[in-house]
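S.K.: pasting the sequence and the predicted coordinates here, then a few questions.
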Amino acid sequence: KLISENGFSGMVLPTGILTDAPLEDFCRFVFGNNRVEKIVEFENTGGVFSAVHREQRFCLLTIRGKSIKNEFGVSVFVNLRKISDIADDRRGYLVEPQDLEIISPKTSQPVLSKTLEDYRILKKIYSNSLTFSNGGSSSANAWVGMTSSAYSDYLRFKEERVDGLRYIPVFEGKMIHQYDCAYATFEGISIDERKKGNPRKSLTNEHNTLAEPRFFIEHKAGDGFLNGKIGDCDWVLCYRDVTNINNERTAIGTILPRVALMQPLNGVSIANAVTACTVLAALNSLVVDFVARQRFSGRHLNVTTFSQLPYPAANNFQRSIVSRVASLLNRGLEFKPFFNDLGLPWTSEILTNGQREVVRAELDAYYAKLYGLTRDELRYILDPADIMGEDYPSETFRVLKEKEQREFGEYRTQRLVLAAWDKLETGELH
């Protein structure tokens, strides 16, 4: 025993001690036994540790020597850049004993909210939610895609395929985006670049068909893997494992025709096509992205983190959501089996980019409602500065905002989502 009953231990540790999957048992122990006194988390932006990457995050973790009854909670400060930030009362907040039972029922791991308002809204979202892995008949159970090392004997470049053998396309995370089965492609890429895993971004007209993969896998091996995960289903729900909280978007998922998935593209087992639509729309929503950015500190939205993302406890807009998700996913005949499972007629009509932006904004408005948010809370999620002022020490979709301001001269997502919210309020959108 390193700490006396009346003592404390202060440690400088990577933030992953509080968020990474292998440390779940540690978090259950220290939080479950009221051992944590204070958490002060910061980025190495100022080069406090000169030999460490500037994006590396650290925390000062203070632990008590014995359990005490803590009615007030754990004091938390996140994403500090300089010591004086700790005096900013907008940043600090208390994690109360019952909070982790709602936010992290499986792991007792805390979230990394940058400000008191971030944490307040996050708690409100979870108070109106189940989680992806605890949604009853709507549960979504994530699984890890196959690894190239385990299946190397069965993977082939297209030129290496053997006549007479059947193959299945192998999709990777970099090839997909939200509701997009052809974000990047290996078509026309040299073998040398394919070996390096470098696709090119798909051209506008190439988004209307499945992307060409780097690898194909022998049917017996690929289908055997899929059968163990999704049975004989003709489609698969998937999302990117490798991501970054500083990217334009963090939670990125889509539905594909029956293809093999290679790590870091994870799959999700789901009860039926309708539930797949509502889970996918939740995952791709601004609200869940806001939550996901507070749930991990590194570059992986792993299956444990996915399982604890919020899923609305009730859905009054299911029919409207399903039809919109189907229209976004439709990229050609390959999606006809998915439409059949939804009980919807497949159509060759494919949405324009402008139509897609409006439909996605409507989905964001539906989910903001389902998570119990107000218009001002949705405005905050879109851009905290819009509510709190330019000097507020939190940001959400800064990269998206700056990109759209460069391309369109406005934060288009913000305008479209709030317009959809207002239509929902007046009954024009239902």
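M.R.: Done, it's in. Numbering: from 1, shown residues only.
S.K.: ok, Leu18 to Asn34 distance?
M.R.: 16 Å (C-beta to C-beta, to the nearest Å). In short, each C-beta sits where N, CA and C put it, glycine included.
S.K.: higher neighbour count, the two?
M.R.: For Leu18 and Asn34, the more surrounded residue by other C-beta atoms under 10 Å is Leu18, and the numbers stand at 24 against 16.
S.K.: so for the more buried one, what's the nearest residue that isn't a sequence neighbour?
M.R.: Distance criterion C-beta to C-beta, 6 or more residues apart in numbering; nearest residue to Leu18, sequence neighbours excluded, is Pro110 at 5.6 Å.
S.K.: repeat that for Asp89.
M.R.: Leu116 (7.9 Å).
S.K.: pretty sure the one you found contacts Gly92?
M.R.: Yes. Counting by C-beta atoms under 8 Å, Leu116 does reach Gly92; the two are 6.9 Å apart.
S.K.: and stretch 78-89, which residues are buried?
M.R.: If you call a residue buried by 16 or more other C-beta atoms under 10 Å, then stretch 78-89 has these buried ones: Val78, Asn79, Leu80, Asp85.
S.K.: okay, and which of the residues you listed map to helices?
M.R.: Of these, none are assigned to helices by DSSP state H.
S.K.: looking at the residues you listed, which are in strands?
M.R.: Cross-referencing these against strands under DSSP state E gives Val78, Asn79, Leu80.
S.K.: verify the contact between the last one and Val40 for me.
M.R.: Yep, that's Leu80 we're talking about. Yes. Under the criterion of C-beta under 8 Å, Leu80 makes contact with Val40 at 6.6 Å.
S.K.: now do the shared contacts for the two.
M.R.: Any residue near both Leu80 and Val40 by C-beta atoms under 8 Å, 6 or more residues apart in numbering counts here, and that gives Ile86.
S.K.: which stretches of the stretch 151-300 of the chain form helices?
M.R.: 191-196, 219-230, 273-283, 286-292 (DSSP state H, counting those that start in this stretch).
S.K.: mind checking which of those helices is nearest Tyr366?
M.R.: helix 273-283 (7.7 Å; C-beta to C-beta).
S.K.: other SSEs contacting that closest one?
M.R.: strand 235-240, strand 253-257, strand 310-312, helix 318-329, helix 336-342, helix 353-370 (3 or more C-beta pairs under 8 Å, 6 or more residues apart in numbering; DSSP states H and E).
S.K.: and of the ones you listed, who's closest to Ala211?
M.R.: Closest to Ala211 of the helices and strands packed on helix 273-283 is strand 253-257 (C-beta to C-beta; 9.7 Å).
S.K.: quick one: contacts for Gly73?
M.R.: Leu94, Val95, Glu96, Pro97, Asp99.
S.K.: report the buried members of these.
M.R.: Val95, Pro97, Asp99.
S.K.: low-confidence regions, the stretch 51-200 of the chain specifically.
M.R.: Low-confidence segments of the stretch 51-200 of the chain (pLDDT under 70): 70-71.
S.K.: that one: strands as residue ranges?
M.R.: For the stretch 51-200 of the chain, applying DSSP state E, counting those that start in this stretch gives strands covering 57-64, 74-80, 93-95, 129-131, 141-143, 155-156, 167-171, 184-185, 200-201.
S.K.: can you list contacts of the fourth one?
M.R.: Spelled out, that is strand 129-131. Strand 129-131 is contacted from outside by Pro105, Lys106, Gly136, Ser138, Ser307, Gln308, Leu309, Pro310, Tyr311, Pro312, Ala313, Tyr371, using C-beta under 8 Å, 6+ apart.
S.K.: I'd like to know which of the buried residues of stretch 78-89 is nearest to Arg240.
M.R.: Asn79 (22.9 Å).
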